[in-house]
Each structure stands twice: as structure tokens, then as C-alpha cells.
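# When you get a sec, could you give me coordinates for this:
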Amino acid sequence: MSPSDDGATNSSPPQKSSGTPVHTGATRPTQDKQSERQQSRESSARRAGAGQASTGRAERARAGRAERARAGRAERAGAGRAERARTGRAERAGAGRAERAGAGRAERGSRAGRGTAPGLKPVQKVGLVLGIAAFFVPFIVDIPNLDAPGERMLAIFLLAIVFWVTEAVPLTATAVLVILLEVLLVAQGALWDPTGGNPELIEAALPASTYFAALANPVIILFLGGFMIADGAEKYGLDKNITAVMLKPFAGSARSTVLGLMLITGILSAFMSNTATTATMFAVVIPILTSIKDPKARAGVALAIPLAANVGGIATPVGTPPNAIAIGALSTQGIDVSFAHWTMMAAPFAIVILVASWMLICLLFIPRGQKIDLEVEADWNMTNKAKIFYAVAALTIILWMTEPVHGISSNTVGFIPVALLLCLRVMDGEDVKKLDWPVLWLVSGGIALGTGVGATGLDAWLVNSIGWHALGGVGVIVVLCMIGLGFANVMSHSAAANLLVPLAISLSVALPGTNTMMIAGVVAIATSLGMSLPISTPPNAIAYSTGMVSVKNMAIVGVIVGIVATLLLALAMPPLWNIMGLV
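Below is the predicted model of the structure:
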């Protein structure tokens, strides 16, 4: 076989003759192979080109996708940075606002904390000087027909009058100062002989424990129970739920809605503080007020709430401090007034004044046809603690109202909710801290003041130094009630009662034909009728702070209701109480 034969393309072997080579078709196969190899190379080149093209396209696609991905990531990163920047700015702005607000509150708090002598109003500064000067007058000037104990008590009395009227120091501070001065000046063991060297007066000097006992007078315990129930009602939402339930029947007409608001406010105020009741009612009513387009009608609705709170507080012993002051002062005379007894005396009067006040407000402010849309819903707290509170509050009120039946003193009943609510962990020490202790101390100061006035003979001197006898029984009542109304419009109702109730009781003892319980009752109630100015009482201040009530409108309603109600109280109630056998 020739080396050139590969036998790869022919099926038959090549022919050969003897000695001479014979050419066969070997050249054409070689050319074919070269052609095939060329075609193969071209094909490979084409495939390589196609592959390269395909690879280029793939690379470009990948590059495009990568570019788009990078662009997307960049865009998202930019957006994220922008968002974070906005958030950071917002947070910094919010923090700045919060910091500024906090700083403002701190500054206001700092100013409030500095509200001592440098922060006194001019009238308070004058009151501070006048009070101290008045205190020393009886020590310097000999008071005719008044013994040494009476002169010392007169000094304390004058100091209390000036300080309570001008609020040179806080009302509660004046109350405890009265107790301290009585212990130091007129009690047994005083710094100086309380009799002024007259052994005949030694029996009149009371021990210091008697004056200190005013801080734990049974009336204080009664009020403590009332405060406990009032604070629990706020804690468990009882007050707002009662309001929501009771308002539903009065929906629609504006006049009927105002009547409903006044009745509910009056009822709540009979068992809660007037201030707390007013605050609760405005929390419920503010959305209603903002929906009223007529500013006159809006003012009438806003005025109705503090008016009803002041009048409603008259109805029960725990409704307002002047009631407790009167009951406490009567107890020092050996006259015990039960919860039910006071309620029977005062509640009918409160109801009459409440309805008459509603009619006046409708006449002056609420036109016929005015509509009010009510959207208040009760949301009862049904936890175990809330249920226990409801039961204890109901039990206490029932026991108060049925005292003549079971014979348990209303003061004792007042301590039941204090013990039960604390023992059952319905209320705790934090709740006790929130009770209105300053009011309790203010009432204590009034009780102690009355005790001192009676023990030192100052009451008899006050009676004999003024021509009260010429006025007659009715005249004395009218004058005292009008003085009480006037005082209560420019000073605290409690302070006015603290000053006038002891004086009224002293007059009733000295003047023939006057009933001690009756005169103490009417004077105390009269001091609750002062409500013609924003400063007259906290409920008025709350209403004025809403911006919906002008001083003019408040004065018009307050003066009319105050004067008419005081005259009705002084002239009509004593005979009615006599007929009912209550005095």
C-alpha cells in the first residue's frame, strides 16, 4: 500500500500493473478534502463569529442589565438617603419642637415654683400688709367691752378676713394658720396667759387638742368619703357614662338638651366637687359646642354647666364645702344634721333654682327651633375592680340617703368607701394622694375659727356691737344672705362660709326668735350662689377658659340668678322648713 493511500474514501483498492505506476483518482479526493477542510474552517469561522456575536450580545445584555441594576440601586439608594434625610429632618424638627415645648413647660413650672412673694399680685401684696396690720390692732388698741381672749381671737378673725378676701396667702394656708394661732394665743397652755390675768375666764379656754381636732372633725371624714367616690367615678369612667346614658332622652331640641345637661350636672355635682363635675361635663360637651354655629346659643350651653354645678352642689352635705362648714359649725353647738336631713332641706331649693335658671338661659340665649346633634355613647368599664367600685358607691349613697332608717351616722358611712375601696385594692395610695386635701384643710380651718369665736366671747361682742336687734329675725337673715352672696362673688365660697357661718350661729344664739340650724343653713347656701364672675368659683373659670363665654354674659346670668335665688332662700325657705318640720 502506498503511503498516500489512506483507504478512507474508496471502497476498492487501487489497481496496479506490472512495474509502471498507474494513476488513479487520487488527486480529486485530495482536492475534495482540502475543500472540505476549507469549508470546515469557514464554517468554524462563521460559528466562531456567530458565537462571538452571540457572546457580544450576551455581554451587552449582561452589561445593560448590570447598568440598569446599578442605576436602580443608585436610585433606590438616593431615594433612601433622601427619605432618611427627610425623616432625620422631621425627627430633628420634632425633637426641637418637643424640646422647646419642654423648655417652655419647665420655664412655666419654674415661674410657678417661684410664685412666692415676688410673684404676688398688687392686691395680694396690699392684703399681706393689711392683714398683718389688722392682726396687731387688737393688741395695741384696747377694744371696749371685749376681754383679752376675745381681743386675741378678734386679731385672728381680722387676719383671716383680710387674707381670705385678698388671697394674700393660699386659702388653705390661712386655714391652718388660724388653727396654729388659736393654739398659740387662746388655748390652754398658750404662749401667754389666755385669760389675760382674769381667773374667771380660765374655764373658757379650750385645750389645744380641741382646735387640732378640727382637722379630723367627723364632717371632714364625711367629705373624705365623698371625695373618694368622686375620684373613683372619674378613674373608672362612671361620671362620663352616666352623662352619656342620661343625655339620650334629651337629644334633638337645643332647649331640651340644655335642660338635660343642667340636670345631669346638678346630680353629679351633688356627690362630686363642683370643679370636677364641670371639668367632666365640658370634656363631654366640647364636641357638641363646636358643632353649634350660633355663638349666642353656644354661650348659653357653656354657661348652663357651671351654673348647674354651683346650684347642684347645694343639694347634699358632700356637694360643696360651705355645706360641710355649716354642718361642722352646728355640731359644735350640739346640733347634728344628717345627710338625709340636709338633702331634704336643700334639694328642693336647688331643683327650683336649676329649673328657673334653665328657663332664663333659654330666654336669653337659646332660640326656639335650635337643634343640637348629640353623639355620645356609654363605654362601661366592666373589669372586676370597676364592678366593685360601682357596688361600693351605690351602697354608700343608699346608706347616706337612708340614715334615719338604719341609724348609722352619715359621717361613719362616709368612711366606708375609704376603707372598702382601699382594702379591696380598687383604689390605692396614688389615688389617695390625688384627693382634694387642701379643701379638707380649708373646711377644718373654718370649723376651728367658729370654735374659737364661740369659746372666747367674740361672738357675743360681735352681736352686741351691731344693731342686729333692730333688723328683726327676717332682716338679719336677709342681710347675712346678701353679705354672703356679695362675698362669694369676689372670694372663695368656702372662705366666705368660713367667715359668715360662725357669725350667723353666734347671732342665732344671741337673738331671740332665730333658729340656729335655719340661719346656718341659709347663710351657707347663700355663699354657693355667688357666680357672676370668672373669679367667683372654679366652674366659672373653667367655662370662661373655653373662650365661648364672655364676662358680660356671665355677669348678667350670675347677678340675676344670684339675687333672685338669695331672696327666695332668705324669705321663702325658712317658713317652708318650719312647715316641713325640718328646723
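
# what residues are up against the nearest residue to Ala233 once chain neighbours are set aside?
What sits nearest to Ala233 in space, not counting adjacent residues and going by C-beta to C-beta, 6 or more residues apart in numbering, is Asp239, at 4.6 Å. Backbone N, C-alpha and C define where each C-beta goes, glycine included. Residues near Asp239 by C-beta atoms under 8 Å, 6 or more residues apart in numbering: Ala233, Leu268, Met272, Ala276, Thr277, Thr280.

# Highest neighbour count among those?
Thr277 (32 neighbours; other C-beta atoms under 10 Å).

# pLDDT value on it, please?
The per-residue pLDDT reported for Thr277 equals 88.

# again, but for Arg105
At Arg105, pLDDT is 35.

# cool, and Ile556?
Looking at Ile556, the pLDDT reads 94.

# the bottom helix or strand of this structure by mean pLDDT?
helix 27-113 (a mean of 43; mean pLDDT, DSSP states H and E).

# C-alpha coordinates for the helix or strand just after that helix, PDB please?
Next along the chain after helix 27-113, taking DSSP states H and E as the criterion, comes helix 122-140. Coordinates of each C-alpha in helix 122-140 appear next as PDB, following Å, rounded to 0.1, in the frame of the first residue of the first chain:
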ATOM      1  CA  PRO A 122     -50.700  94.000  93.900                       C
ATOM      2  CA  VAL A 123     -53.900  93.200  95.700                       C
ATOM      3  CA  GLN A 124     -52.200  90.300  97.400                       C
ATOM      4  CA  LYS A 125     -49.300  92.500  98.500                       C
ATOM      5  CA  VAL A 126     -51.700  95.000  99.900                       C
ATOM      6  CA  GLY A 127     -53.600  92.200 101.600                       C
ATOM      7  CA  LEU A 128     -50.500  90.800 103.200                       C
ATOM      8  CA  VAL A 129     -49.600  94.200 104.700                       C
ATOM      9  CA  LEU A 130     -53.200  95.000 105.800                       C
ATOM     10  CA  GLY A 131     -53.700  91.500 107.300                       C
ATOM     11  CA  ILE A 132     -50.600  91.800 109.400                       C
ATOM     12  CA  ALA A 133     -51.600  95.300 110.500                       C
ATOM     13  CA  ALA A 134     -55.100  94.200 111.300                       C
ATOM     14  CA  PHE A 135     -53.800  91.400 113.300                       C
ATOM     15  CA  PHE A 136     -51.800  93.700 115.600                       C
ATOM     16  CA  VAL A 137     -54.600  96.300 116.100                       C
ATOM     17  CA  PRO A 138     -56.400  94.500 118.900                       C
ATOM     18  CA  PHE A 139     -53.100  94.000 120.700                       C
ATOM     19  CA  ILE A 140     -52.300  97.800 120.500                       C
END
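
# Residue numbering should commence at 54 henceforth.
In the new numbering, first residue 54, that becomes helix 175-193.

# Show me what the following helix or strand past helix 175-193 packs onto, helices and strands only.
Once the chain leaves helix 175-193, the next helix or strand it forms, by DSSP H and E, is helix 201-219. Helices and strands touching helix 201-219, by 3 or more C-beta pairs under 8 Å, 6 or more residues apart in numbering; DSSP states H and E, are helix 175-193, helix 224-238, helix 490-508, helix 511-518, helix 546-563.

# So which bits of stretch 247-255 are buried?
Buried positions in stretch 247-255, judged by neighbour count with 16 or more other C-beta atoms under 10 Å: Pro247, Thr248, Leu254.

# quick one: average confidence on it?
The model assigns stretch 247-255 a mean pLDDT of 77.

# what's in contact with it?
Against stretch 247-255 from outside (C-beta under 8 Å, 6+ apart): Asp200, Ala201, Pro202, Glu204, Arg205, Leu238, Val239, Ala240, Gln241, Ala257, Ala258.

# at 7 Å what do you get?
With C-beta atoms under 7 Å, 6 or more residues apart in numbering as the contact definition, stretch 247-255 has outside contacts at Asp200, Ala201, Pro202, Val239, Ala240, Gln241, Ala258.
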